[in-house]
Structure formats: structure tokens, C-alpha cells
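1. Based on what follows, work out the 3D shape:
(chains A and B)
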Amino acid sequence: MSPSTPVLPALLGRFGWHDLPFVRAWQNPTASEIIGAFAGGLVVVGAIAVAAVLTRHRWWGRLWSEWLTSLDHKKIGIMYVVLAGVMLSRALIEAVLMRMQQAVAIDAPGFLSPDHFGQLFSTHGSIMIFFMAMPFLTGLINYVVPLQIGARDMAFPWANSVALWLTIGGAGLMMASLVVGEFSTGGWSGYPPYTERDFSPGVGVDYWIWAVTLGSIGSTMAGINIACTIYKLRAPGLRFMRMQMFCWTSLCTAILMIFAMPPLTVATLLLALDRYADFHFFTNDLGGNMMNYANLFWLFGHPEVYILILPAFGVYSEVVSTFSSKDLYGYVSLVLATMAIAVLSFTVWVHHFFTMGQSANINAVFGIATMTIGVPTGVKIYDWIWTMFRGEVRFTVPMLYSIAFMMTFVLGGFTGIILAMPPLDYLVHNTLFLVAHFHNMLIPGLLYGMLAGYHYWFPKAFGFRLDERWGRRAFTCWVVGFYLAFFPLYVLGASGMARRTQAIFEPSFRPWLYVAGVGAFILLAALASLMIQLYVSIRDRAATMVEAGDPWDGRGLEWSVAAPPPEYNFAGLPHVDGRNPFYDDKHDAGRPDPYRSPTDYSDIEVPRGSMAGIAIGLGAAVAAFGLVWEMWWLTLVAAEVVVAALILRSFGRNQHRTIPAAEIAAEHEAWLARVRATRPIPRRLETQAINRGLAEVRA
Amino acid sequence: MPLESHRGSMVSWRSAMVASMSGCLGGCSALSHGFLAAAGPVAEQERHLFLVVCGVLLFVAVPVLLLVPLFAWHYRLSNTDHAYRPKWEFSWGIEGLIWIPPAAIVVGLAVLLWRWTHIDDPYRRLPGGPPVEMQAIGLDWKWVFVHPQRGIAEVNRLTIPAGRPVHIRLTSGTVMQSLLIPRLAGQIYAMAGMTTELNIAAHRPGVFRGENTQYNGAGFQHQKFAVVALAPADYQRWLARAKAGRRALDASAWRRLSARSVIAAPVTFSAVTPHLFDRVVAATGGAAHSLSKARP
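-> The predicted model follows:
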């Protein structure tokens, strides 16, 4: 993009009319600019449409008081997942555009300009990692972990809200870059010196820096919160070695977040100093060295892979065990393997740049460390396989994702070991082979897991089940689309096709690019199926209500409460004496009734809503927007809002609301009465309308 | 009649074979640009390692690919013809089976990895006599290859003698880049102010594709070059012809090349500013990197 003349620089900083995609498309109506303007228009129209619907239905007040300012971990979790869904839609459409471009730009320019293509792969990667995967897994953990450990909320409910809003603020910057200005072309990893002002003078890299910085600070806070919740708020008797596997993987993920996110924050802030204050951390000249950036970034970047994958491993552990009606095989093994993966993930970062010229000894050490991670990962897969052994497997949607994951992930592991061999990495690094590999890990290892978790816990969160038929259709599209879209990339990578290529000059690549393009469309159909599924499920919810709360004959404490759970989660805190407390109560003779009244009811304190979280998150985003455009006054004002919100919140006194024991007793007893009136159903009917959330116990 | 129909199915089976073969050939024509069509000793060794590793990994992948569908299907709810043991969750035998073989495979692969990482170290000189010394400088969006002893240079074409090792020192006059010639050897980064090294060789005369694989801006996709391997006699003739040209890679030519641009066709320079490579390294901060640039 050519630099444009600033308009009112004192007020608007570097902004010029040319920074609006609509103006660019008007002046230069190429397909590339029109697509950019259309995307920007979609953001504006979408925002206006949402505002209009909220106004028409007079939902603003409820949205504000019950959702946006809520400190309830369940609502925060749901908002994280909604954010992930919105961002997934954008980033997937971008992926389809890139696949289409590569399919048509064989000895031809295609329809996307090189610069636009560069922005697309940068936003696609940044969004998928920081604003799709991270919010999705943080949302699931937020929702599920307190319920699984018998807690009433997270350890720091208010910090939870701040973390959410910082993440939303970062995502907002990503969206703003569609409407005003441009985005970085430096990829999701933003390697300098390319991202220094000498080579990327525009606002794009600044958008990237601040969006990622806000996201990384939010994730650090989320990590601290999750770890403290699991350390301090477990129900009486819930020793570490009795926790659900999802809690274990959440704990490991949280620890990784605490230690891995700060190097990223540091790296992006040092790069910001280079760009704004003429420092020379990573510049070519005056002693800068981009190798330091590569080390910092991947010191974050590799543990990040396991931050993404471990929660999905937790979901699979829950799903495979529940839908096989069987105890998880090798619990201790799985815990050890998870911990081993978490520790080893900090010892392998150099494999992201085997080709940087270090000695063979260094490369060999890091290569071997990388392969070592394959052992605990392989053990986990076998643990799930042996969990199915002598079980009663039901092919529900979450189970289908789990099976597809196991078979697809092992192929990604196969190519991962190839990449871990330095001599082979020299050949396929930076090619589509690498792109195929990490999509082969992250789509089954993250996305399928998140979707399995979404199907599995959705009835718990909303009180009704998701439509099975559309769920299966979406599943089929995700699996078929994945294989078609990414397996051709292995071939292309082995043929030497570099990643991030806007045009191709090798006609023999054409058939493979066509197949990959078809795969991308099928993946888009998968996303559409998910949306239709959500619509159909809400429309037909009367037939799938599971108020009794236990549609899958679940094992952990989260299934022992109503669906949706009350704000305080548990009328009385549960006592835990084993790994499957709720399941054992249901199925073992001589144990207490799983649906019993607590010995006595007492008042429960829950956090009141607070607008400080939203003020801090959005204030930080506006301050960052000011930094991007060099509107210093805006940054100052917004930063003051952030500080003021922090101070005011610190002096706030009336931060809790007490729910009286009588109200809790009435609500809980009424639910128990409805449970007693519910007909228990056997497992073979669990996807039928008759399943109202009460499991039949085998005689 | 049965015989007829049998023959019919044979024919269709054969035509399906032919169809799938031609489909495979279509694929192979893409793969013929990659390391599977290795044309030099380094890529050949790496291809060998690739096939060995793939063979070993079959022992990792195949059991999972078989067991997952087998167990899931056999132990399905509607199949009442198997034992149901909801409380069974541990066995030392299985524990050994799932920890020891993967660990053993990784130990075996680790030995292989250590050995081959040293053999295929891009800095390791190749056997076959003293190498041809070359220098590669990455620019936006082109490669400059300097033959320092002869004082000639090429842009976007690298001419080498077939059957002789070539030793390339790399740096970048701009952002980080990565030089890959898939049929000859693996890649190595080129970074401003620093020097990296790569050793390549081509068995026979031929033309091979080379490229930058590290994104560096709007002209990235055009940063490709041909590696021309000539028979020794042809190579000598080529050197003489290149030296006889008139174009010089002097300060003004260098300024033009350094601009962010794509050049249409390869260029040969018959004279090169002395120590051009070292000057580029120094100009982009080489002094500050003197500690990190050399490797024993």
C-alpha cells in the first residue's frame, strides 16, 4: 500500500483517506482491493446489524448486566467460545481465499495482490492461534474446570473478566485492521528485521504487535487464574491424583501459559521499542540481532503448541472414557505423560530454526529432545485405545471426533518425526510440507478436540443437546476437508514449494493445488454445518432438553448438577473419595444417592458483576489503536481509563452478593424433584428425544 | 459366460491400474522437482535417510491405524458378543507394551539422528577434492552469486561444475532469507551481518531449481533461480565467456540491485568489486556480529 497523506495529523496521527479500504477500492478497483473493501464493509455492517438487533429487542441492558460485566466463570467461558467462533469464521474464509488464489495463480497473477496475500496469511495464522485456539480452550477450561473440581468460581473472578476483555480487545484490533489501514505481512511469527520499520513502515506490523501483546497478557492472566483455581479451590477430598484428566491437562496448560506467554510479550514489546523508539534489538545494524527474536519467539512458540494441544487431550480423555462407559485406562500413565510433555515442551524450541547455521551438535540435541516428546504422546494415544478395550463404545459426535483425531494425529506425528531430523528439516523447512504438518497436528489435535468438547459440554451449559444429524455432517466435512486440503501440501512441500507463495510458476503443482482448494471449500462447508447445527438445535430445543443434567452418563462432578448449572454451581460442596465420584455414586451399590440433598444449606457468596474488566480490556485496545496510528492523545486518554478502572476497582467494597440459604434450598429441592420425575434412559437411547438427562443404572 | 465376465472385470481392473499409474505420474512430475529426485550426493543421502525414517515410522503409525477402528468397532455398544469390564483400568503388561517399544524406537532414531545430523551438516565439506568457492548474497527479491576467485558474479543463476563439490558462503543484504535447492541439498538461512555456509554438489550436468523459502515481501514468489551444472570442460568455457563480458558489478550496479525489485532475466557480471561479500557483511553490522559469524 502506498503511504497516504495524513489528514489532521494532530488529531488522527498517520491516518489518511487512502487507509480506508473503501477509498482504495474506489480509486483502484481491482479484485484484490474490492475483496478488501468487502471484508471491511462486512465488519461495519455486521457491527451495525448486531447493534440493531440488540436495540430492537431491547437486549442491551440484559447483555450488559448479565453477560458483558459478569464475573461468573460459566458466562466468561461461553463468551470466550463465542469469540473463538467469530474469529474462526473469519480466519477460515481467509484460508479459502488463499487456497483459491494459489489454485488460480499458476503462471498467472490470480486475483489477490502479493501484499493482500501477505496480509491474509498473517491474519489467518495470528487469528487461528491467538484469537481462535486460545479463546476456545480458555473458554472450555473456564467453564468446565470449576465444575469438575467442585468450586463455585475461578480463584480470581475479576481477573478472569479482565483476561477475557484483553483478549477481546486484541481480537478487536484484528477486526479494526480490516476497516482502517492494513495488517502485517510478516506472518504469525513476525520475524524481524522484515517487521522493522526499515522494511515494513506501515501500520500493519503495529496492529500485529499490539493485538498479540494484548492477547498474550490476557493469556498469562488466564494461566495464573486457572493454576490457582486448581491448586486452591478443589472440593474436600479431591486430591491431585483424583482429579479428572481434563483438570490435569488444564493445569499443565496453565503452567505452560504462565511460563511461555511472557517471552512472547517481551519479544513483541522489544520489537515495539525498535519500531517506535529507534532501539536496535533486532535490526540489521547497530548491534541488533534477529536471532534473539527467533529464540524468544519460539521459547514461547513451542510450549504454545502444547498449550493448544493439552486441553484437547483432556477432552479426549473425558470423551473416550464416557462414551466407552469405562474407567480411563492408565490414569497414572496419562498424568505422567502430560507432565512430561509440559516439561519437555520447553526443551525443543531450536527445532523451529535448525537452518540458522548452528552446529550439528546443537541441532542433534534439540532434534532428539523433539523426538522424545513423541513417547509420552504415543502413550496417551494407546491409553485411549485401551480405554475402549472391553468397553461399550457409542459413536456420538464427540466420540467420532476422538477417533478421527487418533488416526489423523498419528500421521501428523509421523511427519513430525521427519521434521525433527535436522537433515530432513533442511529439505522441507519453510515449505508446504511444514504447513501440512502443523495443520495435521493442530486440526485434529486442537480443533477436533475443541469441537468434541463443545458437543460434549454444550448440553451442560445450555440445558439442551446439539443436533446429532448436523453434527455428523459437520464432522464428515471437517475430516474429509482436512485430508483433501492438507495431504496434497505434503506432496507439494516435498516437491520444494515454498510456503506463503502468492503465485506459482510450476504447472505440475496444479492438480495438487486444485485438490487442496476443493478441500478448503469442504472445510468451509463444515463451518457452515456447525452454524446450521446451532440454529437447528436452538429451534428444536424443546425436544432435546436435558435438565436433569447428565445426558451422557458422565463421570465427573460437572454432571451431578442441573443443566444449565445454577450460578453458585453446587448447592452444597461435594466430598470426593475417588476418581469418578459421580459415576460411582450412580453405579456402585452401597454408595450414597447421587441426587441427594446436602446435609444443610447455607448462604453462598457470589461475585457481583463489574464493569472494570470491560473498561480495562477495551481501554487497552483503544490505547493500542492510538499507538498504531500515532494518535498519542487517544493513547493517553485510554490509558488513563485503564488506570482509573484499576484504582476504582481496588477501592470498591460491595463486590459480593449473598444468595440466601432458603433460596438455594428451594431451587435445589425443586430440581431434585424434577430429577426424580425424569425417566432414566439406557445408553442406546442417549441421542433420542427421550434422553432428558438422567442415566439408567444397570441392574 | 462366467469366463467372459471374469475377463471383463480383468480389463476394467487393468484400465483402472493404468489410470491410477498415470495419476501417479502426474504426481511424480511434481515430485521430480523435490529431493526425491535427488541429483547430488547431499540430497541423495537425505533421501536415503527419509526412506529409512519412513520405514521405521510405519511401526509407530500402523498399529494405531489398525487398533483404533478395530477396538472402536468391536467394542461398540450394540455388539453384545464381548466382555464388558467397566472397572478395568490398568495392566503392567500393557503399560510395558505402550512405554517400552515407542521409547526403543526413539532411542534407535536418536542414534540415527545424531549420526546423520553430523554427516549432513551443511557446513561439512564434501569429498571430491577442493571445492569451488562461491558466495551468495540475498537481496529483495533476487540472489547474487559471486565467484570470488574469478571475479565474476551472476544474479538469479548459479553456474557450477558437475561432479565437483561447491562451498557457498551466504549472507543477506536485507532481511533474512533461506536458500534451498531441493534436488541438491537442504536449505540454510542467510542473515544480514552474518555468514552461514552450505556445501552442495551435482552428480551430472543439468538444471535445477533454487529458491528463497523465507517470505521477504511482495516479490518473494519471484525469487527463484536456476542452478546450472556444467560438465568440467563446459564449465571452463563458461568461466572464460563470463569473464569476457563487459558488465561490472560496481557501486552503481550494486545500488540498482539492492532496490526492492524483481529482475526479469538472469544477469552475468564479468567484474566484481573486490571483497564485495565481506563489505556487505560489514555494512549490515558485521563488526557487531564478529563473535557470532564464524564457526570453528
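2. could you pull out the strands for the stretch 551-699 of chain A?
-> With DSSP state E, counting those that start in this stretch as the criterion, the stretch 551-699 of chain A has strands at A:604-607, A:656-659.
3. Redo those strands as TSV? Include distance to chain B and mean neighbour count.
-> (C-beta placed from N, C-alpha, C; glycine too.) Formatted as TSV, the strands of the stretch 551-699 of chain A follow (distance: least, Cβ to the nearest Cβ, whole Å; neighbours: other Cβ atoms under 10 Å in any protein chain shown):
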stretch	distance to chain B	mean neighbour count
strand A:604-607	35	18
strand A:656-659	38	12
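4. For A:Arg579, which of these is the nearest?
-> The closest of these to A:Arg579 is strand A:604-607. By Cβ to Cβ, the value is 26.8 Å.
5. average pLDDT for the helix or strand where A:Phe414 lies?
-> If you go by DSSP states H and E, A:Phe414 is part of helix A:397-420. For helix A:397-420, the mean per-residue pLDDT is 97.
6. and that helix, how far out from the chain's middle?
-> Mean-position distance between helix A:397-420 and its chain equals 19 Å (Cα atoms, centre = their mean, to the nearest Å).
7. what packs against that helix?
-> Using 3 or more Cβ pairs under 8 Å, 6 or more residues apart in numbering or on different chains; DSSP states H and E as the contact definition, the elements that helix A:397-420 packs against are helix A:290-322, helix A:360-388, helix A:422-428, helix A:432-442, helix A:449-462, helix A:468-494, helix B:41-74.
8. swap the cut-off to 6 Å and go again
-> Applying 3 or more Cβ pairs under 6 Å, 6 or more residues apart in numbering or on different chains; DSSP states H and E, we find helix A:397-420 packed against helix A:290-322, helix A:360-388, helix A:432-442, helix A:449-462, helix A:468-494, helix B:41-74.
9. following the longest one, which helix or strand shows up next?
-> Once the chain leaves helix B:41-74, the next helix or strand it forms, by DSSP H and E, is helix B:92-119.
10. Please save the CA atoms from the helix holding A:Phe414 in PDB.
-> C-alpha atoms of helix A:397-420 as PDB (Å, rounded to 0.1, in the frame of the first residue of the first chain):
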ATOM      1  CA  VAL A 397     -20.300 -36.800  17.600                       C
ATOM      2  CA  PRO A 398     -17.600 -36.200  20.300                       C
ATOM      3  CA  MET A 399     -16.500 -39.800  20.000                       C
ATOM      4  CA  LEU A 400     -16.300 -39.600  16.300                       C
ATOM      5  CA  TYR A 401     -14.000 -36.600  16.600                       C
ATOM      6  CA  SER A 402     -11.900 -38.500  19.100                       C
ATOM      7  CA  ILE A 403     -11.500 -41.500  16.800                       C
ATOM      8  CA  ALA A 404     -10.700 -39.200  13.800                       C
ATOM      9  CA  PHE A 405      -8.200 -37.400  16.000                       C
ATOM     10  CA  MET A 406      -6.300 -40.600  17.000                       C
ATOM     11  CA  MET A 407      -6.000 -41.800  13.400                       C
ATOM     12  CA  THR A 408      -5.100 -38.400  11.900                       C
ATOM     13  CA  PHE A 409      -2.800 -37.200  14.700                       C
ATOM     14  CA  VAL A 410      -0.600 -40.200  14.400                       C
ATOM     15  CA  LEU A 411       0.000 -39.300  10.800                       C
ATOM     16  CA  GLY A 412       1.000 -35.800  11.900                       C
ATOM     17  CA  GLY A 413       3.300 -37.400  14.400                       C
ATOM     18  CA  PHE A 414       4.800 -39.400  11.600                       C
ATOM     19  CA  THR A 415       5.700 -36.200   9.700                       C
ATOM     20  CA  GLY A 416       6.700 -34.500  12.900                       C
ATOM     21  CA  ILE A 417       9.400 -37.100  13.500                       C
ATOM     22  CA  ILE A 418      10.600 -36.500   9.900                       C
ATOM     23  CA  LEU A 419      10.800 -32.700  10.600                       C
ATOM     24  CA  ALA A 420      12.600 -33.500  13.900                       C
END
